[in-house]
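K.L.:
I'd like to go over a predicted model; first the sequence, then the structure.
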Amino acid sequence: MKRLCIILATVVLLQGCITSLVTVPVKIAYEATKGVVKGTAAVVRAVTPDKDDDKDKNKTNDQEKQKDQEKD
């Protein structure tokens with residue numbers, strides 16, 4: 001009976017240590033993976049052309065043409 005109480009007390013007291021031993025590597029892996037995913041997403045956004053940019057360029061070109069016509 002005494003051994004059982006000692007084992008239970010040890011388990012309860014070491015629960016925090018066991019939890020940190022398990023969670024620290026998981027957190028490190030999560031942070032590393034998150035950084036890689038963010039970097040990949042940024043590269044994909046930089047390489048992939050946006051349709052909005054094309055529309056903005058067309059609007060700017062149209063506005064410049066109108067200004068040129070008004071001046072003439």
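P.N.:
Perfect, thanks for sending it.
K.L.:
What does Leu14 show for phi and psi?
P.N.:
Recorded main-chain torsions at Leu14 are phi -90, psi 0, according to degrees, to the nearest 10.
K.L.:
Just give the number of residues close to it.
P.N.:
For Leu14, the neighbour count with other CB atoms under 10 Å is 11. Heads up, the C-betas are built off the backbone N, CA and C, glycines and all.
K.L.:
again, but for the one 3 residues further on
P.N.:
Residue crowding around Cys17 was assessed by other CB under 10 Å; the count is 9.
K.L.:
where's it relative to Ala29, distance?
P.N.:
Between Cys17 and Ala29 the distance, using CB to CB, to the nearest Å, works out to 20 Å.
K.L.:
And the helices in this structure, which stretches?
P.N.:
Assignment of helices within the chain using DSSP state H yields the ranges 2-13, 15-47, 51-71.
K.L.:
Rebuild those helices as TSV, extending it with mean pLDDT.
P.N.:
Supplementary listing: these in TSV, determined by pLDDT from 0 to 100:
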stretch	mean pLDDT
helix 2-13	90
helix 15-47	86
helix 51-71	64
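K.L.:
neighbours around Glu64, how many?
P.N.:
Taking other CB under 10 Å as the definition, Glu64 ends up with a neighbour count of 10.
K.L.:
residues in contact with it?
P.N.:
By CB atoms under 8 Å, 6 or more residues apart in numbering, no residues touch Glu64.
K.L.:
ok, it to Ile6 distance?
P.N.:
Taken as CB to CB, the spacing of Glu64 relative to Ile6 amounts to 84 Å.
K.L.:
got it, and Val22?
P.N.:
As judged by CB to CB, Val22 and Ile6 stand 23 Å apart.
K.L.:
just Gly39 next, same as before
P.N.:
Gly39 is 50 Å from Ile6, where distance means CB to CB.
K.L.:
With Cys17 instead?
P.N.:
When CB to CB is the yardstick, Cys17 and Ile6 sit 17 Å from each other.
K.L.:
ok, Val37 - how many residues close by?
P.N.:
In terms of burial, Val37 registers 10 neighbours under the definition other CB under 10 Å.
K.L.:
Appreciated, that's everything.
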